[in-house]
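Trainee: with the sequence up front, the predicted model follows.
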Amino acid sequence: MDKFVYLFEALTLVNLTLAFVGVLLGIMIGALPGLSATMAVAVLVPFTFAMDPASGLIALGAIYTGAIYGGSYSAILVNTPGTPSAIATTFDGFPMAKRGDGALAITLATLASVIGGLVGVLMLMFLAPPLAGVALAFGPPEYFWLAVFGLTLISALSVGNLIKGLMGACLGLLLSMVGVAVVGADVRFTMGSQTLLGGINIVAGLIGLYCIPVLIDLVATRDPHLRVETEAKGYRLREAWGILWAEKFNTVRSSLIGTVVGILPGAGGSVASLVSYSEARRTSKRRAHYGTGEPGGIIATESANNATVGGGFIPTLVLGIPGTPPDAIILGALLVQGIRTGPTLFTEQAPIVYTFIFGLLIGTILMLPIGLIVGRYAYRSIIAIPKAALVPTIAFMTVIGSFAIHNNIHDVAVMLGLGGIGWLLNRAGFAPSPIVLGLVLGQIAEQGFVQSYLIGNAQGNIWAMFFGRPISLAIAGFAALTLFYPLVAGAIGARRARRSQADLTAEARDGGS
Amino acid sequence: MRSMFATAGALALAGVFAAGAAVAQDDYPSKPVNYIIPFAAGGESDVAARLQQPVFEQLTGQQLVVQYLEGAGGAQAWSQLNGMTGDGYTVMGTNLPHIILQPMAQDVGYETDGLTNVYFFQYTPDAIVVPADSQFQTLEDLVTFAEANPGMVTFSGSGTYSANEVAKTKFDDLAGVTTTYIPFGGTTPAITAVLGDQVMAGFSYTTAAITQGDALRVLAVASEERVPSLPDVPTFRELGYDMTGGAYRGVGVPESTPEEIRQSLSDVLGEVNQDPDYVQKMEDGGFVLINVPYDEMDAFMEERRAQYQDVATKMGIASN
């Protein structure tokens, strides 16, 4: 393959150093809630002007992939997703850390992230032009159904308390509508306040709803933050590999879901990890354990969200349509460098593109050793720091993180307000995840619905817009399956039980006669 | 915090990323300037700012730190502009028709006259784009189809009360047709919808049309003369529709900014607009450069406002 010539271009000392520093920096930025991959990439773009284009891209790509992975640390250790991509990692990551399996959870997240990242990059390298079409095949109705699919996860997340889960989701959907509507420009639920015009920032919502209740509980109870079962078990790497091997189908499926969702410009790491989590849970034999510290959950979310990195670059490089917000910034940097993206990019600018892809590949592989070491350090610090120091430190970071979103005090106020509400709701038995799902998916669902309706109305066939398109129908089918699977499975199980009961009775009767 | 973060990041990374740092001689700017873009990264405002960035740094020896404060179609940022420190080190991108139409439609936390614009440096002419395999070969085809099927032609565009919706409203009026406008969350999703055949056509800008190359056909552009990067595309005027305009982009400052700093900033931005390499890149990208310095601002804004008043009435957001 002539592509591999560029592997050596990517292997220069400068590029390796950039990939190393980029991944390390990205992990640290991603681990801090509020400091996002988008922000990290935006701040560093000016530095890349001085570099040659491929090196600059490698630095940006390494930071991006590191940040998406780094988000898992805070999700696992303090129940606060460091980036929206890591929302679903809290579901099983934090329960694992709480029962003393934090080191294992981090090692699993690292391995899954590296594998997911590699799958995404390899798809980018070998299948980019054909896969880019996926970005165009998704129109408003498909996004609507995809968001609905994501929302069905609520029924799974709130087992035994469906009503409270649905109420939480409705609250989240309402929160997602605050501000000026994209379609129609109506000002909604701002209560006359200009600070709410731009809506509730998702990252501020995440920090508030997840982190503040944890902090309050830490202060209110005598329990240590995380239980430490046994001292110095190390990375538990062998154990993690074993689990990963047992979950190999889950890993591959989640990586593929991550790549495909990453290609979609209207969805990102958060949707990818939610969808793959939902699928992993539905198909797992250990379904009932999901949400209580099941390793399969972490594997699904972390392999999916890192696969979106490679996936997101597919439409960015092939069509000039950024797959994710950090891609949008990188696309801008490319334009400034004088590189035009588009179908000819892979032929005309092959040296730059393939050097970049190999650089991303190297960065993803470097994430394994760097991640294991940094992750271990992060875990040790979290369990070693006494609560009296840990709580103020995290509290400080929540303020810094939400302020940094827009360099603005309003997001801090939103974060604290939602934190207070989240804590009260937690006490009343409402989990934060359904609210967050509503907040994250509400906008996608609403825009998809209104645009579909407008287009359908113009063509005089609204029903066909929602129910007459193959991809839409398939996603809607999966959504229905996820929603009703527990009921159907339950009904089938009950029927089987009844039948075997009946058989037994019949047998007994026959035998008796 | 963001600027602190940026500065700290800059210091920490200077060694690794080998960024050239020049020493400033003038009194303004004597430290990095924060340049707030009221939209998400990757859009036209961002790309233009990123092209200004290196030239600004070359001319002044100071960094131009691009930040994003997106939300509410820009209103989130503009409603906060006057509350920021007016020392010339916090400047913000301003866009037309946004800052005229938004306050006209409803209370968005700022008034058009309350914003202090110091320079308008470019605009992106409106353009009608269709997929490469569309049945519409010319604008004539589209108008004929729209006349026969009122409301059936769907135009994607970026947001409500935006330059795209203004252009669509104006075009409907001039051509005497009824079409349907579908707002999307930005130029990129709007163009994606055109490429994916989700809508029949799109109202966008020359910039987006150029980025997509052969995948899109541009039916007409709303510039005075043909755009250099799209030499084969007729202007609306050539086709008999008196329509010129687009989205204008400038730079504003908090109202507390002293007069001399407003003037200095206007001068620097004027110089940036003359840089040959920058001019070339902007034109290649489909931007049309304009030069409206601080002392000509009032007249320019008055003229644009008169233009938009009429369309706003047709869109139902101004009572005239």
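Mentor: Done, it's in.

Trainee: so residue A:339 versus residue A:314, what's the distance?
Mentor: Residue A:339 is 16 Å from residue A:314, where distance means C-beta to C-beta, to the nearest Å. All C-beta spots, glycine's among them, are computed from the backbone N, C-alpha and C.

Trainee: and the two? which has more neighbours close in?
Mentor: residue A:314 (28 against 18; other C-beta atoms under 10 Å in any protein chain shown).

Trainee: any idea which element that one lies in?
Mentor: Taking DSSP states H and E as the definition, residue A:314 sits inside helix A:295-319.

Trainee: mean confidence for stretch A:39-54?
Mentor: With pLDDT averaged residue by residue, stretch A:39-54 scores 82.

Trainee: one more: stretch A:394-407?
Mentor: On average, stretch A:394-407 scores 87.

Trainee: any regions of the chain where pLDDT drops low?
Mentor: By default, I'm working from chain A. A:1, A:159, A:227-233, A:343, A:500-513 (pLDDT under 70).

Trainee: my bad, the chain I had in mind was chain B
Mentor: B:1-26, B:318-320.

Trainee: spell out which parts of the stretch 151-300 of chain A neighbour chain B.
Mentor: Residues of the stretch 151-300 of chain A lying near chain B by C-beta under 8 Å from any C-beta of the partner chain: A:179-185, A:187, A:194, A:197-199, A:265-266.

Trainee: and the nearest residue to residue A:457 once chain neighbours are set aside, bridged to which residues?
Mentor: Leaving aside its chain neighbours, residue A:457 sits nearest to residue B:180 (7.5 Å; criterion: C-beta to C-beta, 6 or more residues apart in numbering or on different chains). Beta-bridge partners recorded for residue B:180 (DSSP bridges): residue B:154.

Trainee: does residue B:180 touch residue B:156 like I think?
Mentor: No - using C-beta atoms under 8 Å, residue B:180 is not in contact with residue B:156, being 10.0 Å away.

Trainee: among those two, which residue is more densely surrounded?
Mentor: residue B:156 (29 against 21).

Trainee: from residue B:168, how far out is the more buried one?
Mentor: 10 Å.

Trainee: what touches both of the two?
Mentor: Residues touching both residue B:156 and residue B:168 by C-beta atoms under 8 Å, 6 or more residues apart in numbering or on different chains: residue B:203.

Trainee: for the stretch 51-200 of chain A, which residue gets nearest to chain B?
Mentor: Closest contact between the stretch 51-200 of chain A and chain B, by C-beta to the nearest C-beta, is at residue A:198 (2.3 Å).

Trainee: for the nearest residue to that residue once chain neighbours are set aside, what are its contacts?
Mentor: Leaving aside its chain neighbours, residue A:198 sits nearest to residue B:71 (2.3 Å; criterion: C-beta to C-beta, 6+ apart). Contacts for residue B:71 (C-beta under 8 Å, 6+ apart) come out as A:179-180, A:197-199, B:38, B:77.

Trainee: show me where chain A has its strands.
Mentor: A:179-180, A:187-188 (DSSP state E).

Trainee: do chain B as well
Mentor: Using DSSP E, strands in chain B cover B:33-37, B:64-68, B:90-96, B:116-131, B:154-158, B:180-184, B:201-205, B:216-221, B:246-253, B:288-292.

Trainee: for the longest one, which positions count as buried?
Mentor: Buried residues in strand B:116-131, counted by 16 or more other C-beta atoms under 10 Å in any protein chain shown: B:116-131.

Trainee: next: the last one.
Mentor: For strand B:288-292, a neighbour-count test (16+ other C-beta under 10 Å) marks B:288, B:292 as buried.

Trainee: quick one: strands adjacent to it?
Mentor: Those paired with strand B:288-292 in the sheet (DSSP bridges) are strand B:116-131 (antiparallel).

Trainee: what are the phi and psi values at the residue of the stretch 51-200 of chain B found nearest chain A?
Mentor: Of all residues in the stretch 51-200 of chain B, the one sitting closest to chain A is residue B:71 (2.3 Å; C-beta to the nearest C-beta). Per-residue torsions, residue B:71: phi 140, psi 140 (degrees, to the nearest 10).

Trainee: the closest residue to residue A:243 other than its chain neighbours: how many residues sit nearby?
Mentor: Counting by C-beta to C-beta, 6+ apart, residue A:243 lies nearest to residue A:295, which is 4.8 Å off, once chain neighbours are set aside. Using other C-beta under 10 Å, residue A:295 is surrounded by 26 other residues.

Trainee: contact partners for residue A:116?
Mentor: By C-beta under 8 Å, 6+ apart, the neighbours of residue A:116 are A:251, A:254-255, A:258, A:302-307.

Trainee: what do you get if the cut-off is 6 Å, keeping everything else the same?
Mentor: Counting by C-beta atoms under 6 Å, 6 or more residues apart in numbering or on different chains, residue A:116 makes contact with A:255, A:258, A:303, A:306-307.

Trainee: repeat for residue B:166
Mentor: Residue B:166 touches B:97, B:311, counting by C-beta under 6 Å, 6+ apart.

Trainee: repeat for residue A:190
Mentor: A:196-197.

Trainee: tell me the spacing between residue A:315 and residue A:137.
Mentor: 11 Å.

Trainee: for residue A:50, same thing?
Mentor: Taken as C-beta to C-beta, the span from residue A:50 to residue A:137 is 39 Å.

Trainee: residue A:75 too?
Mentor: 31 Å.

Trainee: need the nearest residue in space to residue 262, chain neighbours excluded.
Mentor: By default, I'm working from chain A. Using C-beta to C-beta, 6+ apart, the closest residue to residue A:262 is residue A:311 (2.6 Å).

Trainee: wait, chain B was what I had in mind.
Mentor: Nearest non-adjacent residue to residue B:262 (C-beta to C-beta, 6+ apart): residue B:118, at 5.0 Å.

Trainee: show me which residues of the stretch 101-250 of chain B sit near chain A.
Mentor: Proximity of the stretch 101-250 of chain B to chain A, by C-beta under 6 Å from any C-beta of the partner chain, involves residues B:106, B:109, B:151-152, B:154, B:160-161, B:180, B:182-183, B:185, B:188, B:192, B:195-196, B:198, B:211, B:213.

Trainee: sort out which of these are buried, if you could.
Mentor: Of those, these count as buried by 16+ other C-beta under 10 Å: B:109, B:154, B:160-161, B:180, B:182-183, B:185, B:188, B:192, B:195-196, B:198, B:211.

Trainee: of these, which is the nearest to residue A:346?
Mentor: residue B:211 (16.2 Å; C-beta to C-beta).

Trainee: my guess is the closest one meets residue A:320, correct?
Mentor: Yes - when contacts are counted by C-beta atoms under 6 Å, residue B:211 is listed as touching residue A:320 (4.8 Å).

Trainee: show me what contacts the nearest residue to residue A:180 once chain neighbours are set aside?
Mentor: Spatially, and ignoring its direct neighbours in sequence, residue A:180 is nearest to residue B:72 (3.9 Å; C-beta to C-beta, 6+ apart). Residue B:72 is in contact with A:179-180, A:197-198, counting by C-beta under 6 Å, 6+ apart.

Trainee: skipping adjacent residues, who's closest to residue 124 in space?
Mentor: I went with chain A, as the question did not name one. residue A:310 (4.3 Å).

Trainee: wait, I meant chain B there
Mentor: Using C-beta to C-beta, 6+ apart, the nearest residue to residue B:124 is residue B:205, at 3.7 Å.

Trainee: the one you found: neighbour count?
Mentor: Residue B:205 has 28 nearby residues by other C-beta under 10 Å.

Trainee: tell me which of the contacts of residue B:72 is nearest to residue A:32?
Mentor: Distances from residue A:32 to those, taken by C-beta to C-beta, are shortest for residue A:198, at 22.3 Å.

Trainee: will you turn the contacts of residue B:72 into CSV that also has neighbour count?
Mentor: Putting those into CSV (neighbours: other C-beta atoms under 10 Å in any protein chain shown) gives the following:
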residue, neighbour count
A:179, 23
A:180, 26
A:197, 25
A:198, 27
